[in-house]
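*Asks:* Turn this into a model:
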Amino acid sequence: MISGLEPLLVVLAFALLVGGVIGSLIPQLPGAPVSLAGVYLYWFATDMTEPGTVLLVALTLVGVLTWLVDFLGGAIAARVGGASTTTAVIAGVVGLLLFFVTGPLGIILGVTATVFAIEFQRQQDARKGLKAALVTTAGMLASGVVQVMLTASILVTMLVVAL
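*Replies:* Numbering: from 1, shown residues only. Below is the predicted model:
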């Protein structure tokens, strides 16, 4: 480590960890990868001694789980709500495309409308289409809460490591 650089890297690492929690709140920001970048930067700043190997692996797994929740939460919720696998996949693609074009509200509305439209057409039942769409929306919002909790747990763990 270059002398005098460690404190700057530690501050940057914690800025990334806080950014990861914020990123979990905002769909366009990658919360889990930013949190993991903070963990690994801190690890590098401490000459790869803190956190220890077991904790580093555990934090990495939590980060990967958080990332999976981010990408799969809506699709899983769609399936739970009664949507077909095809509907869940199409809604996921719509959400991914809207990610680049709209804000968080556009993503949620686009996926909800997609699930409703496809399920209504598939089942010829507005109630079943609406149920699938509402459960999908609730699942997407719940996955955001789970992401915040997981990235916050990474931040708190790293605070304990640093103290």
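*Asks:* can we go C-alpha only for contacts and neighbour counts from here?
*Replies:* Will do.
*Asks:* Send me the helix or strand of the chain with the lowest mean pLDDT as CSV with only the CA atoms.
*Replies:* Scoring the helices and strands of the chain by mean pLDDT, DSSP states H and E places helix 85-99 at the bottom, with a mean of 84. Backbone C-alpha positions of helix 85-99 (Å, rounded to 0.1, in the frame of the first residue of the first chain) are rendered in CSV as follows:
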residue,chain,number,x,y,z
THR,A,85,-43.3,-18.2,-17.1
THR,A,86,-43.5,-16.6,-20.6
THR,A,87,-45.3,-13.6,-19.1
ALA,A,88,-42.7,-13.3,-16.4
VAL,A,89,-39.9,-13.4,-18.9
ILE,A,90,-41.5,-10.9,-21.2
ALA,A,91,-42.2,-8.6,-18.3
GLY,A,92,-38.6,-8.9,-17.2
VAL,A,93,-37.4,-7.9,-20.7
VAL,A,94,-39.8,-4.9,-20.7
GLY,A,95,-38.5,-3.9,-17.3
LEU,A,96,-34.9,-4.2,-18.6
LEU,A,97,-35.7,-2.1,-21.7
LEU,A,98,-37.6,0.5,-19.7
PHE,A,99,-34.6,0.7,-17.3
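*Asks:* Helices along this protein, start to end?
*Replies:* Assigned by DSSP state H, the helices in the chain fall at 6-25, 31-45, 53-80, 85-99, 104-123, 126-162.
*Asks:* Give me the most central residue, the chain.
*Replies:* The centre of the chain sits closest to Asp70, judged by CA atoms, centre = their mean, with a distance of 3.2 Å.
*Asks:* How much space separates that residue from Met140?
*Replies:* As for Asp70, its distance to Met140 is 8 Å (criterion: CA to CA, to the nearest Å).
*Asks:* With Val69 instead?
*Replies:* Taken as CA to CA, the span from Val69 to Met140 is 9 Å.
*Asks:* From the contact counts, what lies against the least confident helix or strand of the chain?
*Replies:* For helix 85-99, the contact count by 3 or more CA pairs under 8 Å, 6 or more residues apart in numbering; DSSP states H and E identifies helix 53-80, helix 104-123 as packing neighbours.
*Asks:* For it, buried residues please.
*Replies:* Neighbour-count burial for helix 85-99, counted by 16 or more other CA atoms under 10 Å, picks out 87-92, 94-95, 98-99.
*Asks:* likewise stretch 137-150?
*Replies:* Those buried within stretch 137-150 under the rule 16+ other CA under 10 Å are 137-144, 146-148, 150.
*Asks:* neighbours around Gly4, how many?
*Replies:* Here the count is done by other CA atoms under 10 Å, and Gly4 has 8 residues near it.
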